[in-house]
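Undergrad: structure for the following, please:
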Amino acid sequence: MANSQLAQYIPVLMLLVAAVGFAAGTLMVSVLFGSRGRRTRAKDAPYECGKDPIGEGSARFSVKFYLVAMLFILFDIEVVFMYPWAVVYKQMLAEHATRNLILGSMVSFLVILFVGYLYALKKKAFDWKS
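TA: Residues are numbered from 1 along each chain as shown. As a prediction, this is how the structure comes out:
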C-alpha cells in the first residue's frame, strides 16, 4: 500500500525535474550562444518608454488610495461569495429543512457588508480629494 501511494508522486517528480531542466537548459543556451556586446552608459540606463528617467523612481501614493483599494477587494470578494450561492440556491430550496437558513445566511452576510459600506461612507473613505 505504501508503494502505491508513493508511486502517485512520480508524475509530480517528473514535472519538477522537467521544469528545473528546462530553466537550467535555457540559461545555459543563453550563456553559450548569446552575443556579448559593448556595454555603454546609455545601454545601462533605465528605459522608460523612450523618455529620459528624470526625478524619483516611484511616486508616493496617498493612504486613501490603499484604503479604497482594500475596500474594493472586500466588496469584490463579496461578489465572489455570492456566485456559488446563487448557483445552488434553487437546488437548496428543494430541501425543505434549509429553506429559511440559506436565504437568511446570505441576507445577514449582505447586511453586515452594507453596514460596513455605510461606515466607510460616513468616514468619507471613498473621497479622493481629502
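Undergrad: which sections of this structure are below the confidence cut-off?
TA: For the chain, the stretches with pLDDT under 70 are 1-2, 48, 50-53, 55, 57, 96, 128, 130.
Undergrad: what packs against the strand or helix carrying Pro84?
TA: For Pro84, the element it lies in under DSSP states H and E is helix 63-93. For helix 63-93, the packing partners by 3 or more CB pairs under 8 Å, 6 or more residues apart in numbering; DSSP states H and E come out as helix 99-122. C-beta coordinates here come from the backbone N, C-alpha and C atoms, glycine included.
Undergrad: and the helix it packs on, what's buried?
TA: Buried residues in helix 99-122, counted by 16 or more other CB atoms under 10 Å: 102, 117, 120.
Undergrad: would you mind giving the residues you listed as TSV with distance to Ala19 added?
TA: Listed next are those as TSV, based on distance: CB to CB, whole Å:
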residue	distance to Ala19
Ile102	43
Tyr117	44
Ala120	44
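Undergrad: Thr26: which of those is nearest?
TA: Distance to Thr26 across those (CB to CB) is lowest for Ala120, with 47.9 Å.
Undergrad: my guess is the closest one contacts Met70, does it?
TA: No: assessed by CB atoms under 8 Å, Ala120 is found out of contact with Met70, at 10.1 Å.
Undergrad: how is this structure partitioned into domains?
TA: With domains defined by automatic domain parsing, the chain comprises 2-36, 63-122.
Undergrad: and those, which is most packed in?
TA: domain 63-122 (a mean of 11; mean count of other CB atoms under 10 Å).
Undergrad: and Cys49, which of the domains of the chain is closest to it?
TA: For Cys49, the closest of these is domain 63-122, at 22.7 Å, according to CB to CB.
Undergrad: the closest one: end-to-end distance?
TA: 17 Å (CA to CA, to the nearest Å).
Undergrad: repeat that for stretch 39-49.
TA: Termini of stretch 39-49 sit 20 Å apart (CA to CA).
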